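# Provided below are the primary sequence and the corresponding predicted coordinates.
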Number of protein chains: 2
Amino acid sequence: MTKKKSKERAVFLPLGGSGEIGMNMNLFGYGRDNHEKWIMVDCGVTFGGPDTPGVDIIFPDFEFIKERREDLKAIILTHAHEDHIGAIAYVWPELRVPLYATAFTARMIQDKFNDRGVDVKGFLNIVPLKSSIVIGDFRIEFVSMTHSIPEPNGIYIKTPAANIYHTGDWKFDPDPVLGEPTDHKRIAEIAAEGIDACICDSTNALDNTPSGSEAAILSPMVKALRKSTGRVAITTFASNVARMKTLMRAIKDSGRKCVLAGRSVERIFNHGRAMNYFEDLPEPVALEEVKDHTPGTLACICTGSQGEQRAALGKMARGIHPFFNLSEGDTVIFSSKTIPGNEKSVFTIYNMLAENGVTVLTSKDFDIHVSGHPTAPDLEKLYKILKPNVAIPVHGEIRHMNRHAEIALAHGANHAIVPQNGDFIEITREGVICDKEVEAGRLYLDGRIVEESAFGSASERKRLTYAGYAAIFVIVDKSGNLLSPPDIQSFGVPDGDKLFGRAGMEYLYHQLVEAYEGLDAKDYDDDQKISEAIRLSYRRTVNQAWGKKPITEVKVIRLGSALIKFMNSAS
Amino acid sequence: MTKKKSKERAVFLPLGGSGEIGMNMNLFGYGRDNHEKWIMVDCGVTFGGPDTPGVDIIFPDFEFIKERREDLKAIILTHAHEDHIGAIAYVWPELRVPLYATAFTARMIQDKFNDRGVDVKGFLNIVPLKSSIVIGDFRIEFVSMTHSIPEPNGIYIKTPAANIYHTGDWKFDPDPVLGEPTDHKRIAEIAAEGIDACICDSTNALDNTPSGSEAAILSPMVKALRKSTGRVAITTFASNVARMKTLMRAIKDSGRKCVLAGRSVERIFNHGRAMNYFEDLPEPVALEEVKDHTPGTLACICTGSQGEQRAALGKMARGIHPFFNLSEGDTVIFSSKTIPGNEKSVFTIYNMLAENGVTVLTSKDFDIHVSGHPTAPDLEKLYKILKPNVAIPVHGEIRHMNRHAEIALAHGANHAIVPQNGDFIEITREGVICDKEVEAGRLYLDGRIVEESAFGSASERKRLTYAGYAAIFVIVDKSGNLLSPPDIQSFGVPDGDKLFGRAGMEYLYHQLVEAYEGLDAKDYDDDQKISEAIRLSYRRTVNQAWGKKPITEVKVIRLGSALIKFMNSAS
């Protein structure tokens, strides 16, 4: 794509977010090979799923930059969504470099550090909207974009070797309800300077419908509320403060009073209030005072749009919320979309509500949700303005990024490259070269422990789901004589009577003892041989009855003569 | 809904499928209270999920009818989908009553029995399409409907007390490609006889768009094929023989030759061929001969539309199919929809394909899928024709059934009742009464074992996913003296060095021994007390490091003096 390698060049190196939705972490470098200085843009998480049971969050393995900590000059956060800041309190303590974010994002970051008890004082810098900072050879400018959270920033990175525009998460929204509109003027000026590479959000690239404005939700939401009798609960993504504002206004316009429920809704409301986002709206009714109001006069904005059982809506659906419950004739409004993978949980909530006679309204009934990401028409428009030499789609699965690349090439980009995490992409005025890659992996937060690979204890737990586990202890004397029948502790394996009918566990013990007795005389000295014979016999016997083989571990405990003497004296 | 209880009445009693998608099993009774004779309609399964790990299929607990086996006169199967026949080979051996089905369904049922090695000779009766059978006081008529499988039947049940129409799975399709069209004439005649209750499919009741005809798929499919270069794989639901026929015709029309891959595609093709469904189409190319053809001349109909890793498409996506693989420039066409809950698996396949440069086309790109179930317009039309006194929506989650009831009431039904599994609904000319219910539960096929409750070993395995398992063995002498450090076998728990750093497992052992030594003297005689002290100490110590507590079971092994004497002599 380029003719020859220049000596000094910019580098784009995604550690997360390329080839997946979530877990964004991008590195930008400048300098000569092996002498680069670096900045990190975003530090996000993704969430564990059925393949990583018990894992709360997953974030990029940042070993590459940890090893180059001295050359990392800053971490820039584009906006406050979890997939962009969620790992900051785990990653930063090992890097301890200055952080830069705009005011709202900085508040949310501070929460993360507070939650983990990490002192970040003196490192977290608040940057004004539309401002620039200079860090070594990097000139870094925050450009106002629009998205589904306050203060989404594109990052314009100028280096002597290349001008790079990193969009962050964005869409074009002429009326974002809250905060700055897209800074079209500045984007046009930046385009005029010549963009060598544009790193851009691919989430909705497969969607050809216009992305829709946040402001368009108000009127359908008022309609939905007016249609509703009894109590109303409205659920949405808590971080969408503009949405919260729209919901509060719609609640007011429909003649109801607003209540807030759920930790993140309350937390984000408080941040928004501190930033004067809700000045023109009445103060919400306190949850504890719900009982003093007629049901039909209230509407509650609550957490739980993804069917989370322990969120406020999950509790309401099960009738166990301490202050706000729903019954026949009430309504729940989903001002949200269902994230792929959450369908079953969301449908479970729908059905719990339907069972209690609660009406469920969604964006299928009223136009009460828009996404915050660019669909194909938005991407087309951006590429027509920016005309970057190279388009580098990120923030999406491979099929989203591939489609994004097609759109970019058709509408203004000269080249496109679809990166994978770990791709080391050199950027110069001439174009990009990607001929090496660095190790890119994932870190798994399992309880309080960070596991460096998917083959840690979560992977063991995933293996347990098929046929359970058995620990067998075999006590032998020094010569290998069995001192009692093998002892089996199993979990997730059917009971002996289910497996072997009337014969029950006796049958199983019998098989194990037989396997033991079938060993060669010389093998009685060999714990490994004994344990393997018992293990195979257990798995074979259970498999004959069940059709499945539990994960089985056998421990041989050999009581030596010293111990026997001790026992003898003790008994 | 009715004035008084008549002495003899029909009964509708769903054991499965009401309040859930899948696992259909409906009982119809006639007679006086406690003297009913019964017939069963359908005997289906649903599939296990993350809440029942390791469980293959789930089907209704049929204890109610097992106890009344003498009064069960027949099992009628409406059509051959898994959610209607999948449990037959597990249920029938405990009932051993005559089975009635039309020819194609009977073939599929016979497969089920063959797979399980159950001899059903003399019991499986093939009923001609549009025919009737008389079983005691039941006159049972098979009415041709249209659906996404050959030979879908509505069942018209006449008893002296009530006329009942049970739709089975259906939609209105003027051109079903294969088999009988809906028998509108007969449905109108049945309506004229007066339907007291209509039991009807709710799957798509929330969908307001017309359901679309199977025949409409041919032309878009040809377009999709003509657009594709290189090899093409097309995946669909194997049981949809009409779709298979359409795909084969489209493949022919686009100038390609057809290949079949995947066990159920091949099996169903063979049944269809035996029934002369494919007479006018060329014989498929054998998989082993794919290598002899130019890639661009072939298209392969294959299993795997739900992202199943081990299906033919799953193997192709990973490049491990023995005969048909895909690379840059090839195309995969999904002539299917993604069943809720399968989104992640399907997207994984999309991305594997995209990564290899394979184009993915779905019903978003071309109109190449229609559902087999009635949407709201179909339901409206049916109720306008049938005008039943009572509508009883089944075959859906509660929100589908609720919406279905609204549609029925608005378009011809006088009453509607939304049943739950186990509801005992008496039907007479006057209406329905539902004032009792019977036990309705689920049976879980776990390997070869049928568990009677969700709290069996699958539930244990689900519990293992959060924090794993530890078995601890404690060997003490008769007086309770610890003979060696407690022995821990854990799985799904992080290693000692991850939990306790340099201190490692030694620290953990130390804590356990300390807990042991902290027991009161009198407790050393008490295995329960010892095991509880060790258990608590283990969970507390691991929790301090990990933030999670493994499921922990402790076994105390007490070596008696007899054993010690034995050991002494043996050593």
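Perfect, I can see it now. Residues are numbered from 1 along each chain as shown, chains lettered A, B, ... in the order given.
# all helices for the stretch 251-400 of chain A, in order.
A:263-274, A:312-317, A:343-355, A:376-386, A:398-410 (DSSP state H, counting those that start in this stretch).
# Mean neighbour count, these: which tops it?
Among these, helix A:312-317 has the highest mean neighbour count (mean count of other C-beta atoms under 10 Å in any protein chain shown), at a mean of 26. For every residue, glycine as well, the C-beta is placed using N, CA and C.
# buried ones in the longest helix along chain A?
Using DSSP state H, we find that the single longest helix of chain A is helix A:527-546. Buried positions in helix A:527-546, judged by neighbour count with 16 or more other C-beta atoms under 10 Å in any protein chain shown: A:527, A:529-531, A:533-535, A:537-539, A:541-542, A:545-546.
# Contacts made by it with the rest, please.
A:467, A:470, A:472, A:474, A:476, A:480, A:486, A:488, A:493-494, A:499-500, A:507-508, A:511-512, A:514-516, A:518-519, A:523-524, A:548-550, A:552-556, A:558, B:446-449 (C-beta atoms under 8 Å, 6 or more residues apart in numbering or on different chains).
# looking at the helices of the stretch 251-400 of chain A, which is closest to B:Thr362?
With C-beta to C-beta as the criterion, B:Thr362 lies closest to helix A:398-410 of these, at 10.7 Å.
# list the helices and strands that closest one packs on?
Contacts defined by 3 or more C-beta pairs under 8 Å, 6 or more residues apart in numbering or on different chains; DSSP states H and E place helix A:398-410 against strand A:197-201, helix A:376-386, strand A:390-394, strand A:415-416, helix B:343-355.
# mind giving me JSON lines with the ones you listed and columns for distance to A:Cys300 and mean pLDDT?
JSON lines is the format used below for those (distance: least, C-beta to C-beta, whole Å; pLDDT from 0 to 100):
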{"stretch": "strand A:197-201", "distance to A:Cys300": "32", "mean pLDDT": "98"}
{"stretch": "helix A:376-386", "distance to A:Cys300": "33", "mean pLDDT": "98"}
{"stretch": "strand A:390-394", "distance to A:Cys300": "37", "mean pLDDT": "98"}
{"stretch": "strand A:415-416", "distance to A:Cys300": "46", "mean pLDDT": "98"}
{"stretch": "helix B:343-355", "distance to A:Cys300": "29", "mean pLDDT": "94"}
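# Rebuild those as JSON lines, extending it with distance to B:Ala162.
JSON lines is the format used below for these (distance: least, C-beta to C-beta, whole Å):
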{"stretch": "strand A:197-201", "distance to B:Ala162": "60"}
{"stretch": "helix A:376-386", "distance to B:Ala162": "56"}
{"stretch": "strand A:390-394", "distance to B:Ala162": "63"}
{"stretch": "strand A:415-416", "distance to B:Ala162": "67"}
{"stretch": "helix B:343-355", "distance to B:Ala162": "42"}
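# right, and those - which one's nearest A:Pro93?
Using C-beta to C-beta, the helices and strands packed on helix A:398-410 put strand A:390-394 closest to A:Pro93, at 25.8 Å.
# which secondary structure elements does that closest one contact?
Checking 3+ C-beta pairs under 8 Å, 6+ apart, strand A:390-394 ends up next to strand A:197-201, helix A:398-410, strand A:415-416, strand A:431-437.
# switch to 10 Å and redo it
strand A:9-16, strand A:163-166, strand A:197-201, helix A:376-386, helix A:398-410, strand A:415-416, strand A:423-428, strand A:431-437 (3 or more C-beta pairs under 10 Å, 6 or more residues apart in numbering or on different chains; DSSP states H and E).
# Grab the nearest non-local neighbour of A:Val332.
A:Ala233 (4.9 Å; C-beta to C-beta, 6 or more residues apart in numbering or on different chains).
# wait, isn't A:Lys227 in contact with A:Asp365?
Yes: with contact defined as C-beta atoms under 10 Å, A:Lys227 reaches A:Asp365; the gap is 8.9 Å.
# what residues do the two have in common as contacts?
A:Ile333, A:Thr359 (C-beta atoms under 10 Å, 6 or more residues apart in numbering or on different chains).
# Could you tell me how many residues sit around the closest residue to A:Gly357 other than its chain neighbours?
Counting by C-beta to C-beta, 6+ apart, A:Glu328 is the residue found nearest to A:Gly357 once chain neighbours are left out, at 3.5 Å. Using other C-beta atoms under 10 Å in any protein chain shown, A:Glu328 has 9 neighbouring residues.
# From chain B, how far out is A:Glu328?
12 Å (C-beta to the nearest C-beta, to the nearest Å).
# Kindly report the same for A:Ala458.
Distance from A:Ala458 to chain B, by C-beta to the nearest C-beta: 8 Å.
# Please, which helix or strand holds that residue?
helix A:457-467 (DSSP states H and E).
# So is the helix or strand that that helix is followed by next to chain B?
The first helix or strand that comes after helix A:457-467 along the chain, using DSSP H and E, is strand A:469-477. Yes: contact of strand A:469-477 with chain B (C-beta under 10 Å from any C-beta of the partner chain) involves A:Tyr469, A:Ala470, A:Ala471, A:Ile472, A:Phe473, A:Ile475, A:Val476, A:Asp477.
# Please verify my assumption that the third one contacts B:Asp487.
Yes: proximity of A:Ala471 to B:Asp487 meets the contact threshold set by C-beta under 10 Å, at 9.1 Å.
# Give me the common contacts of those two.
A:Lys555, B:Ala471, B:Ile472, B:Phe473, B:Lys555.
# How many residues are close by the second one?
By other C-beta under 10 Å, 26 other residues sit near B:Ala471.
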